[in-house]
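In: what follows is a predicted protein model with its sequence.
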Amino acid sequence: MLNPFLNNDILSKEEYRRYAKHLILEEISINGQKRIKKAKILCIGAGGLGCPALLYLAATGINYLGIIDSDKVSKSNLHRQILYNATDINNLKTISAKQAIHNINPSCNVNIYSEILTIENAYERIKKYDIIIDASDNFKTRYIIDLTCYKLHKIHIYGAIEKFEGQITVFNYKNGPKYSDIYPKNLQLDNKKCSNIGVLGMLTGIIGILQATEVIKIITGIGEILSGKILIYNALNMSFKKITIYPVKNNIEFSLNNLIKRTNIISEKELKQKIINNECIEMIDVRQKFEYCEKHIVKSINIPLKEIKYRHNLNYIMRVSESKIIILYCSNNSRSIIASNILNNYSIKHLRLYNGFISW
């Protein structure tokens, strides 16, 4: 819960009318709405994820928002970035977003930063806020958010989307995992944006709203916070799956072992050579079944990420790993990294195809 001391905070008559449906919720009530009003939220990125998150946070009664984004609105943004319309094209997203937020909630103070988040400005920007929403679309920015939030003890709400699938979790919450625990820098991940890989427009709304929901839960101290678990949503089969993640322990022995485990990467060239040499390998495609059916590496099998923790699948992989080299792959890296962490937790030896099927 944020802002436990509310002695001098009040709601106006207008706010009582506007947020009446909140006030009759026992879990929120008057004090919860006061906490929502008082909280300071920074959204890094005003694109597909940031737009729905900002819209609902403003409508919910957040009175202090910050927005960081250096981009201008383009026509291709309009199918998913719902704060903007055709008249905003070529305008800075921050300026258009601020105006749209004021149309929804005139009382909301919106601070805009029309710039790229860098290691030089991150500390000054992030330190003023209670909760940080990561709505960025590149790994460089995510690592800057991760490091700065960790140093400043700020809660970091992460979301990401690709094609028809999205994921969300809460990092740095009560000594929970942080972003670099599951995507360490030594993985050298390539940047991939929506403009390069495509995304279903409505998917960004779902994940962005889930990020906003976690913000309100943390502010008011209600519900179970999505810390230590990644929630994965698939739009094609309308499925949600929670996967447990584990923080890196702060000791040298564990860190060294962890580093060794996380360097189990095989390149496309190395894998093709193993296939040519007829080595004993078992390739596991952790993408969704429809992706596997469309196209996959010959002789690979399909165990979707959401099913990899099923006991019969773990038993199978464990048994096969005794005689074959297990190789995981997905479209690029994200899902295979999570699958790799799961196998690491069960001490199952394996390799992970770097950059996945997209490099094949």
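Out: Perfect, I can see it now.
In: give me the element residue 100 is part of.
Out: helix 93-104 (DSSP states H and E).
In: what is the following helix or strand past that helix packed up against?
Out: Per DSSP H and E, helix 93-104 leads on to strand 109-113 as the next helix or strand towards the C-terminus. Strand 109-113 sits against strand 64-68, helix 93-104, with contacts defined as 3 or more Cβ pairs under 8 Å, 6 or more residues apart in numbering; DSSP states H and E. Heads up, the C-betas are built off the backbone N, CA and C, glycines and all.
In: so how far is strand 109-113 off the chain centroid?
Out: Mean-position distance between strand 109-113 and its chain equals 23 Å (Cα atoms, centre = their mean, to the nearest Å).
In: and that strand, average pLDDT?
Out: For strand 109-113, mean pLDDT rounds to 98.
In: can you check stretch 139-155 too?
Out: Rounded mean pLDDT across stretch 139-155 is 95.
In: how much distance is there from it to the middle of the chain?
Out: With Cα atoms, centre = their mean, you get 13 Å for stretch 139-155.
In: okay, it in PDB with CA atoms only?
Out: The C-alpha trace of stretch 139-155 is given here as PDB (Å, rounded to 0.1, in the frame of the first residue of the first chain):
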ATOM      1  CA  PHE A 139      15.900  -3.900 -24.400                       C
ATOM      2  CA  LYS A 140      18.300  -1.000 -23.900                       C
ATOM      3  CA  THR A 141      15.600   1.100 -22.200                       C
ATOM      4  CA  ARG A 142      14.300  -1.900 -20.200                       C
ATOM      5  CA  TYR A 143      17.800  -2.400 -18.800                       C
ATOM      6  CA  ILE A 144      18.100   1.300 -17.800                       C
ATOM      7  CA  ILE A 145      14.700   1.100 -16.100                       C
ATOM      8  CA  ASP A 146      15.700  -2.100 -14.400                       C
ATOM      9  CA  LEU A 147      19.000  -0.700 -13.000                       C
ATOM     10  CA  THR A 148      17.500   2.600 -11.900                       C
ATOM     11  CA  CYS A 149      14.500   1.200 -10.200                       C
ATOM     12  CA  TYR A 150      16.700  -1.300  -8.400                       C
ATOM     13  CA  LYS A 151      19.000   1.500  -7.100                       C
ATOM     14  CA  LEU A 152      16.100   3.700  -6.100                       C
ATOM     15  CA  HIS A 153      13.900   0.900  -4.700                       C
ATOM     16  CA  LYS A 154      11.100   1.700  -7.100                       C
ATOM     17  CA  ILE A 155       8.400  -0.800  -8.200                       C
END
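In: how about low-confidence regions in the chain?
Out: Along the chain, the parts satisfying pLDDT under 70 run over 187-196, 246-263.
In: hey, where'd the strands end up in it?
Out: 41-44, 64-68, 109-113, 131-134, 155-162, 165-171, 229-234, 239-244, 265-266, 281-285, 301-302, 325-329, 351-353 (DSSP state E).
In: before we move on, the earlier item: elements contacting the helix holding residue 100?
Out: Against helix 93-104 (3+ Cβ pairs under 8 Å, 6+ apart) you get helix 50-60, strand 64-68, strand 109-113.
In: quick one, what contacts residue 19?
Out: Residue 19 makes contact with 11, 33, 60, 61, according to Cβ atoms under 8 Å, 6 or more residues apart in numbering.
In: make JSON lines out of those residues and add neighbour count and distance to residue 266.
Out: Formatted as JSON lines, those follow (neighbours: other Cβ atoms under 10 Å; distance: Cβ to Cβ, whole Å):
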{"residue": "11", "neighbour count": "17", "distance to residue 266": "58"}
{"residue": "33", "neighbour count": "24", "distance to residue 266": "53"}
{"residue": "60", "neighbour count": "20", "distance to residue 266": "46"}
{"residue": "61", "neighbour count": "24", "distance to residue 266": "50"}
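In: which of those residues sit farthest apart?
Out: 11 and 60 (13.4 Å; Cβ to Cβ).
In: hang on, the earlier thing: which one of the helices and strands packed on helix 93-104 lies closest to residue 209?
Out: helix 50-60 (5.1 Å).
In: now for residue 75, how many residues are close by?
Out: Per other Cβ atoms under 10 Å, the neighbour tally for residue 75 reads 9.
In: check whether it really touches residue 89, as I assumed.
Out: Yes - using Cβ atoms under 8 Å, residue 75 is in contact with residue 89, at 5.8 Å.
In: understood, closing this out.
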